[in-house]
Structure formats: C-alpha cells, structure tokens
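**Q** let me see the structure of the following:
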Amino acid sequence: MQALRVVPEILYFDTFKEFNEAFGLGKGDILVTNQWMYDPYVKPLGIDMPVIFQEKYGKGEPSDEMIDAMARDMAGYDYERIIAFGGGTIVDICKVLSLKVPEQSVKLFTGEVAPKKVKALIVVPTTCGTGSEVTNVAIAELKSLHVKKGLAVEETYASKAVLIPESLNGLPDYVFATSSIDALIHAIESYLSPKASPYTEMYSLAAIEMIMGGYQKIIERGGNKAENRADLLKDFCLAANYAGIAFGNAGCAAVHALSYSIGGAFHVPHGEANYQFFTEVFKMYMCKDPEGKITKANQIFADILGCSVDAVYDELEKMLNQLIAKKPLREYGMTEAQIDEFTKSTVENQQRLLANNYVFLTDEEIREIFANLY
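**A** Next up is the predicted model:
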C-alpha cells in the first residue's frame with residue numbers, strides 16, 4: 001500500500017513579486033486569473049504576458065462550456081506555461097487546458113478522448129479550500145449531460161504548486177467561509193477513508209486543528225471579517241494545502257459525492273454544498289459503525305470544541321453556522337421528486353468518491369440522507 005505521494009513540487013513565497021522574480025514570468029507564459037486578483041498583485045509588476053480573465057467566460061464553478069471557450073481563445077497565443085492564479089474554478093479549468101483539448105472538452109471527462117499533457121502548469125491558489133494545487137482532480141459541470149463530474153488522471157497534476165499567503169488578503173468573507181469549510185471536509189473525509197495511512201492522517205489532523213483553531217479565533221474576535229483573520233492567512237493557506245495532500249492520497253467520500261447533486265442542479269458553491277451534507281453523512285456513519293475510527297474523529301472535534309462526544313455534531317454546526325447557514329435542500333429549489341433523482345445520479349456517477357466511504361452506504365441509506373435534509 002502506498003503510504004504517501006506528494007505531487008507536484010510545492011514552493012512558498014510571501015508575495016507574488018517574489019514568485020515572479022523566482023520564475024521569471026513573461027514570454028512563453030499565459031496567465032489565467034480574475035481581474036480583481038490581477039489588478040493588485042500582477043499589474044503593478046508590469047509583466048509582459050497575455051492574460052485571460054476567467055470571469056469573461058461565465059460565473060460560478062467550472063463547466064465544459066467555459067473550458068471550450070477559453071481553449072479556443074488561448075489557441076491564438078504562443079505559450080509553454082500556463083500560470084493559474086485563482087481559486088478552484090481557475091485551477092480546475094487550467095488542469096484541463098494544460099491537456100490537448102478536443103473541440104468538446106466533455107469527451108475528456110467521459111473518456112472518449114485520452115488525456116495528453118501538452119503545457120506546463122504552474123498553480124497559485126488564491127483561496128484556502130480546494131487543495132487542488134496538489135491533486136490530479138479537475139471537476140466540471142458537464143452542461144450537455146446535466147451532471148458534475150471529475151477527471152482524475154496523472155496528466156492533470158500541476159507541474160509546480162506555489163503557495164502565496166498574500167493572495168488571500170482580498171478574499172471575500174463568503175469565499176473564505178466556503179473554501180475553508182471545503183478544506184475542513186477534505187481533511188476529515190480523508191482521515192476516515194479506508195485508504196488513509198499514518199502519513200495522510202498526519203496531514204489531515206494538522207489541517208483540522210489549524211482550521212478549527214482559526215475559526216475559534218475569528219469568532220472570538222467578532223466574526224468572519226477580513227480584519228479578524230488577517231494574521232491567520234498563512235495558517236489557512238497551509239491547512240488547505242495539507243488537506244489537499246491528505247485527500248489527494250486518501251480521497252474524499254460521501255459528503256462530496258452527495259454535494260455534487262445540488263452543486264450541479266442549483267449552482268450551489270462547492271464548499272457550501274459540502275457543508276449541507278457534512279454532519280448528516282457522519283450521523284449515518286455513526287449509525288452503521290459507531291465503534292470504529294469515527295470515534296477518534298468525533299473525539300478530535302470534541303476536544304477542540306470543548307464539548308462531549310455526544311454533542312459534537314450540534315456544536316460543530318453551531319460553529320460553522322456562524323460562517324455559512326445550513327438550510328433545508330428545498331430552499332435551493334430541490335423538489336421532493338429529486339430525492340430519488342439525486343440518489344440515482346449519485347450512485348451512478350460518483351462511485352470514485354463513494355469507494356472512499358468510512359463504511360459502505362446502500363442506495364437506500366443515501367436516499368435517506370437526501371430525504372432527511374430535504
């Protein structure tokens with residue numbers, strides 16, 4: 001059994017200026033980013049390289065339509081390296097754009113076209129959640145198929161990952177919340193995964209402690225505002241990376257698998273969608289195997305929260321609700337008929353994730369989770 005694999009090489013700089021000096025950005029590069037990240041960090045440096053602004057191709061999370069349109073425009077430039085400076089949407093899109101992209105990128109996700117890497121990819125994450133800089137997973141909404149699906153192959157690994165805590169300075173409060181909760185769930189799902197090893201557990205536990213400890217400080221200071229987390233950005237940047245290393249090796253599971261249903265149907269941001277399923281999935285795990293490794297996971301949270309193990313899920317929700325409100329799925333637009341529809345879609349399309357469950361969940365148990373949250 002492989003205990004740990006870290007791909008790609010990870011580098012760390014305090015500022016984008018230091019990163020630029022080390023990498024010599026310019027001719028032969030193309031930058032994919034957002035205008036609001038480009039203006040404060042890149043524009044003042046006067047780097048001569050073409051820039052693609054992701055928001056011009058659509059809002060929200062990655063889709064095959066975005067990828068197709070960006071691939072067409074990028075074909076007009078001569079470059080060898082893609083610099084992905086952004087959140088999960090940009091990183092996942094650029095993983096695909098570093099491949100030889102067919103006219104319809106959906107064919108890469110369905111397996112009709114084999115992936116072939118043709119460009120170097122330098123990933124600089126600007127949120128504290130996805131950990132995508134150290135995983136080979138690219139997620140996209142496949143509009144024509146009405147499903148959210150992942151592409152997980154060797155070719156989608158970045159060439160290098162670069163951590164720059166400075167880039168988290170301008171993170172909107174909501175994006176900070178959704179991305180960091182996503183990282184927390186990466187950490188705990190990978191900790192419980194049957195593929196976990198002592199090495200991945202080390203990264204999982206470090207991420208959990210750093211994120212939960214950071215949340216406590218933010219809440220004590222008055223809530224999720226930029227000024228209350230300014231001195232914690234390095235910790236959250238590293239914690240997301242640690243969680244990415246953990247789930248890149250051990251995998252995510254049912255929380256992520258179920259969340260793709262509302263993410264794809266109602267365009268719910270990934271971290272928020274994950275949170276809606278988080279404790280309900282863990283309650284189902286507890287019903288099925290209360291004496292297994294989940295007891296250790298619950299004790300970890302109980303120790304941090306200062307509560308009894310029996311109260312851990314309620315106390316965890318109280319904390320996280322101060323960042324993102326948990327609400328019934330019907331408030332997103334879900335209908336009762338979609339309980340069965342989403343159950344079927346999850347079982348048929350998310351086996352890659354469900355294989356990492358702490359314990360096996362039957363179709364009926366997955367349906368029960370949707371029904372309980374409806």
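**Q** gap between stretch 292-307 and the chain center?
**A** 23 Å (CA atoms, centre = their mean, to the nearest Å).
**Q** just stretch 227-239 next, same as before
**A** 17 Å.
**Q** what's the answer for stretch 284-294, then?
**A** Worked out by CA atoms, centre = their mean, stretch 284-294 lies 25 Å from the chain centre.
**Q** alpha carbons only: can I get the helix or strand bottoming out on mean pLDDT in the chain in CSV?
**A** Between all helices and strands in the chain, the lowest mean by mean pLDDT, DSSP states H and E belongs to strand 147-152, at a mean of 88. Extracted C-alpha coordinates of strand 147-152, given in CSV (Å, rounded to 0.1, in the frame of the first residue of the first chain):
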residue,chain,number,x,y,z
VAL,A,147,-24.0,16.3,-14.3
LYS,A,148,-21.0,17.4,-12.3
LYS,A,149,-18.0,15.0,-12.9
GLY,A,150,-14.4,14.7,-12.1
LEU,A,151,-11.4,14.0,-14.3
ALA,A,152,-8.7,12.3,-12.2
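**Q** what sits up against it?
**A** 95-96, 108-109, 115, 135-142, 260, 263-264, 345, 349, 352-353 (CB atoms under 8 Å, 6 or more residues apart in numbering). Glycine gets a C-beta too; all of them are placed from N, C-alpha and C.
**Q** buried ones among those?
**A** 95-96, 108-109, 115, 135-142, 260, 263-264, 345, 349, 353 (16 or more other CB atoms under 10 Å).
**Q** in strands, which of the residues you listed fall?
**A** V137, A138, I139, A140, E141, L142 (DSSP state E).
**Q** looking at those residues, which is nearest E155?
**A** A138 (10.0 Å; CB to CB).
**Q** part of a strand, is L31?
**A** Yes. Counting by DSSP: H, G, I helix; E, B strand; the rest coil, L31 falls inside a strand.
**Q** and it, what does it touch?
**A** L25, Y38, V42, I47, M49, P50, V51, I52, I83, F85.
**Q** and the least confident helix or strand of the chain with strand 137-142, angle?
**A** Interaxial angle of strand 147-152 relative to strand 137-142 (axes from the mean of the first three to the mean of the last three CA atoms, to 10 degrees): 150 degrees.
**Q** which strands border the next helix-or-strand element following strand 147-152, and is each parallel or antiparallel?
**A** Going down the chain from strand 147-152, the next helix or strand is strand 160-163, by DSSP states H and E. The pairing partners recorded for strand 160-163 under DSSP bridges are strand 9-12 (parallel), strand 120-125 (parallel).
**Q** flag every buried residue along strand 160-163.
**A** K160, A161, V162, L163.
**Q** pipe these into TSV and attach pLDDT per row.
**A** Converted to TSV, these look like this (pLDDT from 0 to 100):
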residue	pLDDT
K160	98
A161	98
V162	98
L163	98
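**Q** mark which of the contacts of L31 are buried, thanks.
**A** Here, 16+ other CB under 10 Å leaves L25, V42, I47, M49, V51, I52, I83, F85 buried among the contacts of L31.
**Q** in contact with Y57, which residues?
**A** Y57 is in contact with M66, A69, M70, counting by CB under 8 Å, 6+ apart.
**Q** which SSE is I304 in?
**A** Going by DSSP H and E, I304 is part of helix 294-305.
**Q** give the buried residues for that helix.
**A** I294, A297, N298, I300, F301, A302, I304, L305.
**Q** for the next helix or strand after it, what is the average pLDDT?
**A** Counting by DSSP H and E, the next helix or strand C-terminal to helix 294-305 is helix 312-320. Helix 312-320 carries an average pLDDT of 98.
**Q** show me what helix 312-320 is packed against.
**A** For helix 312-320, the contact count by 3 or more CB pairs under 8 Å, 6 or more residues apart in numbering; DSSP states H and E identifies helix 198-220, helix 270-288, helix 294-305 as packing neighbours.
**Q** so where's this structure shaky on pLDDT?
**A** Along the chain, no part satisfies pLDDT under 70.
**Q** what about the residue nearest the centre of it, distance to Q299?
**A** With distances taken as CA atoms, centre = their mean, the residue of the chain nearest its centroid is T130 (2.6 Å). Distance of T130 to Q299, given as CB to CB, to the nearest Å: 27 Å.
**Q** ok, N34 next?
**A** 40 Å.
**Q** got a list of what the closest residue to M319 other than its chain neighbours touches?
**A** Nearest residue to M319 in three dimensions, chain neighbours excluded: Y215, at 6.0 Å (CB to CB, 6 or more residues apart in numbering). Taking CB under 8 Å, 6+ apart as the criterion, Y215 is in contact with S180, M319, L320, L323.
**Q** and for G333?
**A** Counting by CB under 8 Å, 6+ apart, the residues that G333 touches are A265, F266.
**Q** mind redoing it with 7 Å?
**A** By CB atoms under 7 Å, 6 or more residues apart in numbering, G333 lies in contact with F266.
**Q** next: L108.
**A** Neighbours of L108 in contact, by CB under 7 Å, 6+ apart: V96, L99, P102, P115, L151.
**Q** kindly recompute the last result at 10 Å.
**A** 64, 67, 96, 99-102, 114-116, 138, 140, 151, 153, 155-156 (CB atoms under 10 Å, 6 or more residues apart in numbering).
**Q** swap in T15?
**A** E21, Y41, I164, P165, E166, S167.
**Q** for A84, helix, strand, or coil?
**A** strand.
**Q** surely it is in contact with I122?
**A** Yes. Between A84 and I122 there is a contact under CB atoms under 10 Å: 6.9 Å.
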